[in-house]
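Novice: From the sequence below, what's the structure:
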Amino acid sequence: MTPRHPAFFGYGSLVNRATHGHAPAAPARLAGWRRVWRHTTLRPWPFLSVEPATGGIDGLVAAVPDGDWAALDLRESAYRRHPLDPGLLAPSPDWATEVEIYAVDPAHALPPRPRPILLSYLDTVVQGFLREFGEAGVARFFATTAGWTVLLDDRGAPLYPRHQPLTAAERALADAHADTLGLPRQRA
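Specialist: Sure thing, here's the model as predicted:
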């Protein structure tokens, strides 16, 4: 019998299992939410966040063994945790006693502005979606995310603390989707 744990639904960098050690984990789709780039008072680059909306998003449900949220809450300190209705997840893992989601804390939120998205952050997210959902999942990530703005090309000296090395094919995939959206680039 698989032990039961509380869990989180990751929809950005937490989809990339190389950025954390939470297990078990399983891909899932969350109905009634959308992903959005949020600007905050905490740093000059936007964070991925979520908000209730029609439609749905792909992500990763991952366990928080023994309900020890401390390290994850520290990593996600710009966010506030919110409980999710398990009926909104498909599939809903049988080992998850409850599932929570992180969204940018409104106390830190700023109105949308043209601050650049770190390409090293986006690359890490794209790599995770590719590994969990394939190329179609990467396309859905771009299609179900709002608030796109200019990209800061920091690949040569990544500013995102959990950046991951990418293959040439992974970089090309991220670039192709960014180009399709017409996202301009700035050099770091």
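
Novice: give me the low-pLDDT residue ranges for this structure?
Specialist: 1-2 (pLDDT under 70).

Novice: Just the strands from the protein, written as ranges.
Specialist: Secondary structure of the chain by DSSP state E: the strands cover 5-10, 25-40, 47-63, 79-83, 89-90, 96-104, 109-110, 117-118, 145-146, 151-153, 185-187.

Novice: list the helices and strands the longest one packs on?
Specialist: Taking 3 or more Cβ pairs under 8 Å, 6 or more residues apart in numbering; DSSP states H and E as the contact definition, the neighbouring helices and strands of strand 47-63 are strand 5-10, strand 25-40, strand 96-104, helix 119-143. Any C-beta I mention is one placed from the backbone N, CA and C, and that applies to glycine too.

Novice: Look up how far Trp148 lies from the closest residue to Leu152 other than its chain neighbours.
Specialist: Nearest non-adjacent residue to Leu152, counting by Cβ to Cβ, 6 or more residues apart in numbering: Pro116, 3.7 Å away. Going from Pro116 to Trp148 by Cβ to Cβ, to the nearest Å gives 11 Å.

Novice: With Thr54 instead?
Specialist: Counting by Cβ to Cβ - Thr54 and Trp148 are separated by 19 Å.

Novice: who's more crowded, those two?
Specialist: Legend: neighbour count by other Cβ atoms under 10 Å for Thr54 and Trp148, higher for Trp148 (16 against 8).

Novice: isn't that one right next to Ile117, touching?
Specialist: Yes: with contacts counted by Cβ atoms under 8 Å, Trp148 reaches Ile117, the gap being 7.4 Å.
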